[in-house]
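Visitor: Take a look and give me a structure for this.
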Amino acid sequence: MKISEVMEITSLTKKAINYYEENGLISPSVNKENNYRDYTKKDIEKLKQISVLRNFDIPVKKIKEILVNPKEMEKIFTEHLNKIKAQILNMERSKEIFQLCINDISFPSSDIGKVTDDMMLLKRSLDMSEREKEGYMKRELIRIFPGFFGRYICLKYSNYLDEPIDSREKENAWIHLVKTLDDSHELKVNKEILENMELDEIDWNLLEEIIKNRDKDFYSMNEEDIQNYVDNLYDAELTETDLKLLEQFVSYTSSKDNIKYMNDLLKLIDEDLKVLSSKYKKFQENLSSVNCKMKKVYTENSKVSANEIENNMGIITLPEMTFVGCEYKKIIPPGKTPKLIENFRKRIDEISNVINPGDIYTINGIDSLPQYEKPKTLIHKLSFSFIVGVQVSKAEQIPKDMQVFTIPSHKHAWYTTSESKNLKSFMKNEIPLITFISQAHKIVEFPVLTLYSSDCKDTRESAVYNYMPVE
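Guide: All right, here's what the predicted structure looks like:
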């Protein structure tokens, strides 16, 4: 079936259908001669389901899970039903107040002052009902500040805007925060982002997840938070459209002017956020003192040894290193890394002058080096350049689909986790180490190296060492 027929049956736009295909929700066959898609009845059924679920504001990533596991649908529908029940209660409350207003107006000697009082009661009832719901602050900021500013503030502080306003103290803090934002200087926005907003091409849910991960406050995370964070990052899937928009945002948010603007703004709303968000308050409390346990395992003079490591972390200045490997100019989720390493390991014999065939490196963010025209910013371990390779003493006889990469000498904080049994376990255990490093040193824009001295499949024990660039 052609896309025009599918559009008519599902009432979806062409762009929406293409987007769902790009995200892997449907997989129509492609005619190699004319590149036309042929949609099956199964594809159409999925698109109908997707359309319904999107009406409930369910994210595309979650819909993908539902299509794989239909049992998830029951959970989603139950949550939505509970929301509807709460809305019905609010509507009943509003109905009663409206009836009071009508009754007052119906009397010949009606007092306009009494009617006004009833209407004010209605307004307060509706406002307070809404404010007591989770997520109110995000929704209200987008309404109060239409355009990019409101959206951007919600993105930057999304970790701290999910609690209800359920006390007088929070009410006062909220009023002050809104006034402060309203009085702040104009936020400069580049033309590309504004154009994408006008075209409604920005996936705000995706950006929120990415920025939340990028700015994740590890000190405020409990065991469940850490596990969810690793699960989301491990299998992060981004399309070409997503990457383009994300690249624009990363470049924008990392500019010196933007960083200064947001730092100055945060100083003004810091006390308000402490009142409005228990998570923010906890983060600030934890930030004031570095974990004592981490201090004990930290050693300034530790040396890296693949065979014997006395501590889990240390500082080292790596010499200039030359690598031969494959570069992927897109974000590679950590979950894809084991397979890429496994495939690369089979080809090491094609490379000359390998220093240690057992050691395979991944390099994130080599495009942060000065020689690249458009340096990118690393998002944790996700970057727009990902390399799998080996270190060589001299670059000779390079396979056609590989390249030579030279990393200048630089100071690094290195760490490993001795209890990790696989890559996912390593990611979970490294979070407190990254937290400590970020407090003890300034992490800089420079390639991040990760050394795998054995296979990193989930079924085998892995030896993984990470090198974080610092000043």
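
Visitor: Which SSE is immediately downstream of the worst-scoring helix or strand of the chain on mean pLDDT?
Guide: The helix or strand of the chain with the poorest confidence is strand 298-299; it has a mean of 35 (mean pLDDT, DSSP states H and E). Following strand 298-299 in sequence order, the next helix or strand is strand 313-318 (DSSP states H and E).

Visitor: Could you list the buried residues of that following strand?
Guide: 313-315, 318 (16 or more other CB atoms under 10 Å). C-beta here means a position set from N, CA and C on the backbone, and glycine is covered the same way.

Visitor: Then stretch 463-471?
Guide: Buried residues in stretch 463-471 (16+ other CB under 10 Å): 463-470.

Visitor: Now do that stretch, average pLDDT.
Guide: Here stretch 463-471 scores 83 as its mean pLDDT.

Visitor: How about stretch 260-270?
Guide: Stretch 260-270 carries an average pLDDT of 87.

Visitor: Where does pLDDT dip in the stretch 351-471 of the chain?
Guide: 372-384, 417-439, 454-462 (pLDDT under 70).

Visitor: so where do the helices sit in it?
Guide: Remark: helices assigned in the stretch 351-471 of the chain by DSSP state H, counting those that start in this stretch are 423-440.

Visitor: now the strands: where do they sit in it?
Guide: Under the criterion DSSP state E, counting those that start in this stretch, strands of the stretch 351-471 of the chain are mapped to 360-364, 386-391, 403-407, 410-416, 448-452, 464-469.

Visitor: Mind checking those for the one nearest to residue 255?
Guide: Closest approach to residue 255 among the strands of the stretch 351-471 of the chain is made by strand 464-469 (20.0 Å; CB to CB).

Visitor: Pull up the pairing partners for the closest one, direction included.
Guide: With DSSP bridges as the test, strand 464-469 is paired with strand 410-416 (antiparallel), strand 448-452 (antiparallel).

Visitor: which stretch among the ones you listed comes nearest residue 145?
Guide: Here strand 448-452 is closest among these (CB to CB), at 35.6 Å.

Visitor: Keeping just the C-alphas, turn that closest one into PDB.
Guide: Extracted C-alpha coordinates of strand 448-452, given in PDB (Å, rounded to 0.1, in the frame of the first residue of the first chain):
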ATOM      1  CA  VAL A 448      37.500  10.800  26.300                       C
ATOM      2  CA  LEU A 449      39.300   7.500  26.100                       C
ATOM      3  CA  THR A 450      38.000   4.100  27.300                       C
ATOM      4  CA  LEU A 451      40.200   1.000  27.300                       C
ATOM      5  CA  TYR A 452      38.700  -2.500  27.000                       C
END
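
Visitor: Residue 54 belongs to a helix?
Guide: Yes - if the criterion is DSSP: H, G, I helix; E, B strand; the rest coil, then residue 54 is within a helix.

Visitor: residue contacts, it?
Guide: If you count contacts by CB atoms under 8 Å, 6 or more residues apart in numbering, residue 54 has them with 60, 63.

Visitor: quick one: buried residues of the longest helix anywhere in the chain?
Guide: Across the chain, the longest stretch assigned as helix under DSSP state H is helix 71-106. Using 16+ other CB under 10 Å as the test for burial, helix 71-106 gives 73, 76, 90, 97, 100-101, 104.
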